[in-house]
Each structure stands twice: as C-alpha cells, then as structure tokens.
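J.: Predicted model and sequence follow; I will ask about them next.
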There are 2 protein chains.
Amino acid sequence: MSDINPTVRTQPKLHANPLFLREEELRQGIEMLFHAYRDFTAEPDAMLAHYGFGRAHHRVIYFVGRYPGTTVSALLEILKITKQSLSRVLSQLLERGLIEQKPGQQDRRQRLLHLTENGLDLERQLTANQRALLARAYREAGAEAVEGFRKVMLGIMSDEKDRSKFA
Amino acid sequence: MSDINPTVRTQPKLHANPLFLREEELRQGIEMLFHAYRDFTAEPDAMLAHYGFGRAHHRVIYFVGRYPGTTVSALLEILKITKQSLSRVLSQLLERGLIEQKPGQQDRRQRLLHLTENGLDLERQLTANQRALLARAYREAGAEAVEGFRKVMLGIMSDEKDRSKFA
DNA sequence: CATATAAGTCAACGTCACTGACATAAATTG
DNA sequence: CAATTTATGTCAGTGACGTTGACTTATATG
C-alpha cells in the first residue's frame, strides 16, 4: 500500500451546518458518477483493445445494434461528435466487417447501418459485460432504488429529446 | 431536422416476454449512463478548453481540491491512470500556477498537493456547474430517488474501497 | 547496508476528439 | 428545369489523453 491509512489523511471535513451537508451530498454525487462510469467502461475498453478498437467503436457498435437501420446523421446526434470523428471510426468498422451499409429506399443518399454477424457477436460480448454489472447493481439495490436511479439520470440529461426515449 | 419522425424508424421493438423486458430495462440503464455522463461533462469540458485544459486536468483539480494535501500515488489510485499520464497533466497545472506542492513532513519523498488561489477559483467554477446539474436532478427526483440513485451507483463500482468512501 | 517506496523522466505510440474547407450525389423547392 | 438544401464522405492539420517500457533520484525502512 502506498498509504497506511489514507482515510485519516484524506477524508474531507464533516460539518454540522446543513449547507455543508448539501455541499457534501452533491460532491459525493459527482464522485459517484466518476467512479461508476470509470468502472463501467473499464472492462469493455480492455476487450476492445484486443481488436485494436477503442471506446468510440463501442459506442457506434452499441447504437447501431440498438437501432438497426439507423443513419449517420442520427448517430451524430446521439453521440454529439463531429462527422469527421465518426467517419474514421465508422470506416474502420466497415473495413473490418462489423458493420454494413444499405442505401435507404425512400432517400437513397442515406446509408442505413446494420451490424454483421461478427458485429453482433462483438456487441453481445461488450454489452453482456455492462449488463452484468448493471444487473448486479439493480439486484442489490432493489426495484425502488432502480426507479430512483432512473429519475436522477433523466434529470441530469440536458436534452428533452433524450429524456423522452426512456418513457 | 435530419429526420421527420425518428422515433418511428429507430425505436427498438417491444416484447411481451419478461426476459425481453429485463433486457430492455438493462439497455436503458446503459444508455442513461451514457447520455447522463456525456451531458454531465459537456459544460466543464467547454470551460476547460478556454484555458487550454481538458477533462484530465479537471479530474486532478477536483480531487486535489477535495482532498488537500493528497499525494501523487493516492491520485493515481483514484484516477486509475498511469504515472506518466498524470505527470503531464500535473506538471502543466504546476506550471500554470493552479496547484502547488509541499514536501511531506513525515515522509519527505512525498509531494503533498494543494490548489492555489487560482486553482481554487477554477475548481469552484467547474464544480459549480456540475453541482447545479446534479442539484436540479436531485430536486426534481426527490429525496427517496436520490437514495436509490446512490445505491445503484455504489453497486456499479467494482472496488470496495471506493464504495466505502460514501458511508 | 540492502531493499523498497515515492516521485519524476525520456521516448515512442495510438485513439479520439477538434476545426475548416471542399466534394458528391440525391432530394426538394421555386 | 435550375437553384438550393441535405446526407454523406474526405483531406489536412492539430491537440488531449491515454499506453508501455526503461531508467533516475531521493528517501525511508528493515
């Protein structure tokens, strides 16, 4: 251990003032989000590294798997990155045969995106991991806690459009 | 709009089977985490860009502000990055006068880290933003929901040590 | 004194994001 | 039909942020 008793040295001060309790409550929330997200992405990141992919590839594979036939512009709105950033990742996934494109019937400019068999396999591997993490957390916390978790997560989202997906 | 009615085209299928309901519940959780974290970091990222900093600088400023006098190795354990990655960010923050070091009294090998006045200012700016987001979410969701949120977040964390900080 | 620990450093590398400008094809509109 | 808008792709350059591996310095500890 780098530190014999880190909690003694590094624990933030406790205050009796209710204002400080609220400050403490919010800071704990900030930190819980950091820790949870860090751990939530750690395993998938490691799996992706074996394929020479990164987290951006994961996000594309996930959302194409979730919404088969989605378009490039729809992905851009979800991920909130630039076309150029998505382009690189997407063309790598096409090259490696994890995603395929079909021209849109109504609008032939669109490239409707789908996972291939290999893409589906990888998506399942990655999602299985995160699903297991979340399933354990849900199970331990209970149904009521899950409802609370959902409410807070929805509140954090800034875009009403995103929120409306979770009705 | 890129898509007149995207929900019709892209909404995942609904299933009566309880197994699919669970699958849907977990996928929604995965997506809520993605959306919430993306929005939670968007504003601070933009603020940091004005200073020529990035998210990594934010994390260091945050945790040094939270645990004044913390050590480099303690930071490494929290952030779970390599010494080299932290080193670059930390030396930039030292150069720019946002963080200062004091040698440890018991162990003079240690460099105890503190925010300077400027560092405190920036920390407050960044944190104020995330605190406001979270405060709104907490207020709208209610106290009971916040308790549920905390339970689920704790469940997602893989490290018991991290969990124990939130007692 | 020998070993372990805290911290810093050099070099090389890859992912992932950005800006800005431009190109192509197809749809839509006046 | 001609002009404009939209969906997508592309080129060039840049920077943030993470990695591995090897090495150094100072200090603490058995």
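T.: Thanks, I have the structure now.
J.: just checking, A:Tyr37 touches B:His35?
T.: No: A:Tyr37 is not in contact with B:His35 according to CB atoms under 8 Å; the separation is 11.7 Å. Just so you know, the C-beta spots here come from the backbone N, C-alpha and C atoms, and that holds for glycine as well.
J.: So these two - more neighbours on which side?
T.: A count of neighbours by other CB atoms under 10 Å in any protein chain shown puts B:His35 above the other of A:Tyr37 and B:His35, at 22 against 19.
J.: Next, find the distance separating the residue nearest to A:Leu98 when sequence neighbours are not counted from DNA strand C.
T.: In this structure, A:Leu98 finds its nearest non-sequential neighbour in A:Gly119, 3.7 Å apart by CB to CB, 6 or more residues apart in numbering or on different chains. According to CB to the nearest atom of the strand, to the nearest Å, A:Gly119 and DNA strand C sit 16 Å apart.
J.: pretty sure A:Gly119 contacts A:Leu90?
T.: No: at 11.9 Å, A:Gly119 does not count as touching A:Leu90 under the criterion of CB under 8 Å.
J.: Pull up the overlap in contacts between the two.
T.: A:Ile99 (CB atoms under 8 Å, 6 or more residues apart in numbering or on different chains).
J.: Can you read off the backbone torsions of the residue in chain A that DNA strand C sits nearest to?
T.: Residue nearest to DNA strand C within chain A: A:Gly54 (1.4 Å; CB to the nearest atom of the strand). The phi/psi pair for A:Gly54 (degrees, to the nearest 10) reads phi -130, psi -170.
J.: okay, now it: neighbour count?
T.: A:Gly54 has 13 nearby residues by other CB under 10 Å.
J.: where's it relative to DNA strand D, distance?
T.: 10 Å.
J.: Excluding sequence neighbours, find me the nearest residue to that residue.
T.: A:Leu48 (6.0 Å).
J.: swap in A:Gly69?
T.: Closest to A:Gly69 by CB to CB, 6+ apart is A:Leu112, at 4.4 Å.
J.: do A:Ala137 as well
T.: Closest to A:Ala137 by CB to CB, 6+ apart is B:Gly155, at 2.9 Å.
J.: Check whether A:Ala145 really touches B:Met153, as I assumed.
T.: No: with contact defined as CB under 8 Å, A:Ala145 does not count as touching B:Met153 (9.9 Å).
J.: Kindly report the residues of chain A close to DNA strand D.
T.: By CB under 7 Å from any atom of the strand, the residues of chain A that approach DNA strand D are A:71-74, A:83-84, A:87, A:90-91, A:101, A:107, A:109-111.
J.: can you do 6 Å?
T.: Applying CB under 6 Å from any atom of the strand, we find that chain A lies next to DNA strand D at A:Thr71, A:Val72, A:Ser73, A:Lys83, A:Gln84, A:Ser87, A:Ser91, A:Arg109, A:Gln110, A:Arg111.
J.: Where does pLDDT dip in chain A?
T.: Across chain A, the ranges flagged by pLDDT under 70 are A:1-16, A:18.
J.: hey, where'd the helices end up in it?
T.: A:6-10, A:18-50, A:55-66, A:72-79, A:83-95, A:117-141, A:143-156, A:160-163 (DSSP state H).
J.: Could you confirm whether the fifth one reaches chain B?
T.: Read it as helix A:83-95. No: judged by CB under 8 Å from any CB of the partner chain, helix A:83-95 stays clear of chain B, getting no closer than 11.8 Å.
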